[in-house]
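Student: Next comes the sequence, and after it the predicted model I'd like to discuss.
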Amino acid sequence: MALIVLAGPVPRAQAPPNRFDALVAFAEGKMREHRVPGVALGIVDNGVITIRGLGVTNVDDPLPVTEHTVFPIASISKTFAATAMMRLVEQGKIDLKAPVRKYLPDFKVRDDNVSRDVTVWNLLTHSPGWEGQVSGPERGEDTLRNFTATVMADLMQVAPFDSAQGKPAAAAWSYNNAGYSVAGRVIEVANGTSINRALRDLVFTPLGLAHTGTTAGDFIVNRFAAGHVIRGDAPTVQRPYTHATSVTSGGVGLCIADMMTYAKFHLGDGTSAKGERILTQASLDLMKTPQLEKQSTDDAIGIGWHIRRVGGVRVAGQGGTAGGHIVVLSIVPERNFAISILTNAQTGWRLIQDVEREALRVYHGIVYAKNQAIAHRGLVETLPNVEPLATQPDLKPYVGKYTRPTNRIDVRVENGKLIVQDLPNSGDARPVMPIAFFGPDRAVITEGPDRGQSIEFIRDATGAVKWIRVVGRVAVRN
C-alpha cells in the first residue's frame, strides 16, 4: 500500500524516508515468516508522524489495512486509564497515594490490611500484591462496579502486603489486570460517569481521537481488523470476537492514526494538537518515571508505562495481548520518537519484537546489552541477547511447587537441568520448560515453543526463594 502521512496539524513528511521504507520491508518479511495477515505500523520521529497499513483485515473477507482500520489494543488501554487518572488528579478529584477506600468505601479483598491500605498508586503500578489475572462478567455500565464488589472480595494475595511500605512484601512485582479494573471503578466514581464516558471525555475527545472507542458497537462502524489464530500453517479467523469486559485493563480499540496522535501527546508538553492544555508536563513526566523496580529484571514500572533502558536510553512502553491481536506502543522521550505496531495474529508478538528492535537500531543506534533482563509489559517477548552462565548455581533452592489461584508451577530437576512446568487447575499441562540461569535468579527457557523467554525467581527478606514469575505473573512457593 502507499505511504500514509497524516495531514492537518501534524507536520507533513515531504518524501518517504528510506529508513521507514526499509522498516516496512522488514515488517513485510516478518509477516510472511510468522503468517500475520495484517499490520498497522506507525512512527513519530521529531514530531513527524509516518504510518502505513500492511496486509489485510480478515483472511476470509480481505480488505486492506488502512490508517483508520480499528484494532483492539488490549493492555495498551492501561495507559489510557492512567492518563485519565492523572487528569482527575490534576482536577483535585483523586490523590494517587490515597487509599482505594477513600473512593470505594466498601472495597474488600481477602486480606483485611490490604483492603484498608492499598492505594490508587498501587493499582497503577501493578503493586497491590493480589492475583491479577481475573475478570468478571459483562454487566454493561455496572461491569466494573460488579467486578469490584464480587470478584475482588476473596482474591488471593500472592505477595503479602507491607502496609508500612505501601507495597507487597519484598516488592514481588506482578502484572495485574485486576488492579486496573479497580482503577477503572475509581475513575467512574471520581468522574461521576461510566468508564466509557469518562475515557471519552477525559482522553479521546480532548486529543481528537476520532476512531477510538471502548465497545464492540464503537468498533463495528469502522473497518475492523479481525483476530487470527494459526492452525497448521495458515492464519484462521478467531470466532467469535470476544471484547474485554474491563475497559481499563484491556477494552480500548483504535486505529494507527489515532495511536500516533496519542503517542505524540505523550512525547509532548501536555497540550493537544489544538493547543489546549490536557495535562501538565510534570504529570506526563511522572508517568514515565520509574516507581518500582521489577525484581530479577532490569526493567521498572512507571504510572501506566513499563520502563526499560536500551543502549542507555529510556524507553517507556506497553504491549497488549487479546486472543488474536498482539500490539505495542513504545515511546523514547529523550529522542522524541515513538513506534506502534498493531497486528491481528496470535504470532504477532514475534513480528513486534523484531520490528521494534530494528526500529530502535535503525533510527537511533540503540541495541540491547548482552544478558539484559527484560520484563513482561503486556506481550510475550524473547530475551534479545542472552548467554547462560558457564557455571550454573545450585538448583536445589529453586525446586518446589509454586501456586496461584488458576494454576500451579512445578519446578524440578531432571537429568541435571532445572525444569519449569505450568499445571493449570483445569485442562492439559503446558509443555515442560528447561531453563538455564544467565544471572542471579534470572533464567532463560532453553528448549521448546517458549525458547528464549525469561523466567525470574524472587527472594523474600530472609534471602530464600519465595516466588517464581512466569510471563510477568508471580506464583508463591508453598
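Tutor: Arrived safely. Numbers count the residues shown, from 1 in each chain.
Student: residues contacting the spatially closest residue to Pro72 that is not a sequence neighbour?
Tutor: Spatial nearest neighbour of Pro72, chain neighbours left out: Gly253 (4.6 Å); criterion: CB to CB, 6 or more residues apart in numbering. Using the backbone N, CA and C atoms, a C-beta is placed for each residue, glycine as well. By CB atoms under 8 Å, 6 or more residues apart in numbering, the residues touching Gly253 are 70-73, 212-214, 218-219.
Student: shouldn't Ile76 be in contact with Val252?
Tutor: Yes - taking contacts as CB atoms under 8 Å, Ile76 lies within contact range of Val252: 7.1 Å.
Student: These two - which one has more neighbours?
Tutor: Between Ile76 and Val252, counted using other CB atoms under 10 Å, Val252 has the larger neighbour count: 29 against 26.
Student: so the more buried one makes contact with Ile73?
Tutor: Yes - if you go by CB under 8 Å, Val252 and Ile73 touch, sitting 5.4 Å apart.
Student: give the contact list for Pro449.
Tutor: Pro431.
Student: For it, give me phi and psi.
Tutor: Backbone torsions of Pro449, given as degrees, to the nearest 10, read phi -60, psi -20.
Student: how much space between it and Trp121?
Tutor: According to CB to CB, to the nearest Å, Pro449 stands 37 Å off from Trp121.
Student: Return the distance of Lys288 relative to Thr403.
Tutor: Lys288 is 34 Å from Thr403, by CB to CB.
Student: Also Arg185?
Tutor: Arg185 is 27 Å from Thr403, where distance means CB to CB.
Student: swap in Pro72?
Tutor: Remark: distance between Pro72 and Thr403 (CB to CB) = 31 Å.
Student: Which one of those two is surrounded by more residues?
Tutor: Between Pro72 and Thr403, counted using other CB under 10 Å, the more crowded position is Pro72 (28 against 16).
Student: Check whether the more buried one really touches His325, as I assumed.
Tutor: Yes - shown here, Pro72 and His325 form a contact pair, counting by CB under 8 Å, at 5.1 Å.
Student: those strands in the stretch 251-400 of the chain, which residues are they?
Tutor: Secondary structure of the stretch 251-400 of the chain (DSSP state E, counting those that start in this stretch): strands located at 253-254, 292-293, 300-301, 306-310, 313-322, 325-332, 337-343, 400-403.
Student: Just checking: what are the partner strands of the last one?
Tutor: Partner strands for strand 400-403, per DSSP bridges, with pairing direction: strand 407-414 (antiparallel), strand 473-477 (antiparallel).
Student: which of the ones you listed is buried the deepest?
Tutor: Comparing these on average neighbours per residue, with mean count of other CB atoms under 10 Å, the densest one is strand 473-477 at a mean of 22.
Student: which residues are in contact with it?
Tutor: Strand 473-477 is contacted from outside by 132-133, 158-159, 172-175, 376, 400-404, 407-409, 458, 465-469, using CB under 8 Å, 6+ apart.
Student: 7 Å - rerun?
Tutor: When contacts are defined by CB atoms under 7 Å, 6 or more residues apart in numbering, strand 473-477 is touched by residues 132-133, 158-159, 172, 174-175, 400, 402-404, 409, 458, 465-468.
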